[in-house]
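1. here is my input, please return the structure:
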Amino acid sequence: MSKIYGVILAGFLVMGLMVAPAQALVATIQDCPSCFGSIYELEILGSGTSYTAALSIDTSGYVGPATYISAVNFKVSNDVTSFGLTAAPGGTGGWTTIEANISNSGCAGGGQGFVCSQDPAPVSLAPIGGLLEWAWNFTIPEGSLFAGLFGAHIGAKYNNAAGTLNGQITSEEFTQVPEPSSLLLLGTGILGLGAFAWVRNRRG
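-> Down below sits the predicted model:
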């Protein structure tokens, strides 16, 4: 019987340790000084060097003079080796994506790991008033996810139809919070390791 228990527990150990290295993050930002009443959620999934990012901005509670969001960005590493926009309001064709931060000029400035997508003026693709969603694929150097950062970053620029509105920029950092499923899988691996050792000690 102890052999059967040993095989079962070894299976839990392998499952937990194989799956646990995958990184998962869901961060929500609201009631921040520069959110203008909107709610932001960023989800990062992947492992090793390859990841996906999904950003949603609920603009239902937006308060301000803007009528569109003209640029969005995120940062979860100090360096990105490749990136591509896979989904966006109005389709990906109207957006340009570069490694840059957000300023009153839209996606501008140095790279340093910021992935930024912009709807060039005249702005028309992401109207304020509901849920807006973007998604990217990106790759980073091995082991650099969240490395060397005080916090990860979400940014957005609000604009008018002429693309001339300045001063309405979200630039918020957040702390990495692992998704509960990742913690559960990691815990499964640790539990399996401890239980497997207990069975081996009993047999010895």
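2. from now on I want contacts and neighbour counts done on CA atoms only, so please keep to that.
-> Will do.
3. any regions of this protein where pLDDT drops low?
-> Along the chain, the parts satisfying pLDDT under 70 run over 1-23, 148-151, 175-204.
4. where along it do the helices fall?
-> Using DSSP state H, the helices of the chain run over 2-19, 180-203.
5. hmm, Glu133 and Ile57 touching each other?
-> Yes. The pair Ile57 and Glu133 qualifies as a contact (CA atoms under 8 Å) at a distance of 6.4 Å.
6. so those two - more neighbours on which side?
-> Ile57 (23 against 17; other CA atoms under 10 Å).
7. so the more buried one bridges to which residues?
-> Tyr40, Leu132 (DSSP bridges).
8. who are the contact partners of it?
-> Listed by CA atoms under 8 Å, 6 or more residues apart in numbering, the contact partners of Ile57 are 38-41, 131-133.
9. how about the strands of this protein, start to end?
-> 23-29, 39-47, 50-58, 68-75, 82-87, 96-99, 101-103, 106-108, 115-118, 131-139, 152-159, 169-174 (DSSP state E).
10. how about stretch 145-158: buried residues?
-> Across stretch 145-158, burial judged by 16 or more other CA atoms under 10 Å covers 145, 149, 152-158.
11. nearest to Ala162, of the contacts of Ile57?
-> Ala162 lies nearest to Leu132 out of the contacts of Ile57, by CA to CA, at 19.7 Å.
12. so what's the residue count around the closest one?
-> 20.
13. ditto for Glu43
-> Using other CA under 10 Å: Glu43 sits among 16 other residues.
14. correct me if wrong: it contacts Ala53.
-> Yes. Using CA under 8 Å as the test, Glu43 is close enough to Ala53 to be in contact (5.6 Å).
15. next, the contact list for the nearest residue to Pro141 once chain neighbours are set aside, please.
-> Nearest residue to Pro141, sequence neighbours excluded (CA to CA, 6 or more residues apart in numbering): Thr49, at 5.8 Å. With contact taken as CA under 8 Å, 6+ apart, Thr49 is in contact with 139-143.
16. next, Thr49: phi, psi?
-> Thr49 adopts backbone torsions of phi -110, psi -10, taken as degrees, to the nearest 10.
17. got it, and Thr59?
-> When read as degrees, to the nearest 10, the backbone of Thr59 gives phi -100, psi 10.
18. can you tell me how far Ala156 sits from Ala71?
-> Distance from Ala156 to Ala71, counting by CA to CA, to the nearest Å: 6 Å.
19. what's near enough to touch Ser171?
-> Residues near Ser171 by CA under 8 Å, 6+ apart: 34, 153-156.
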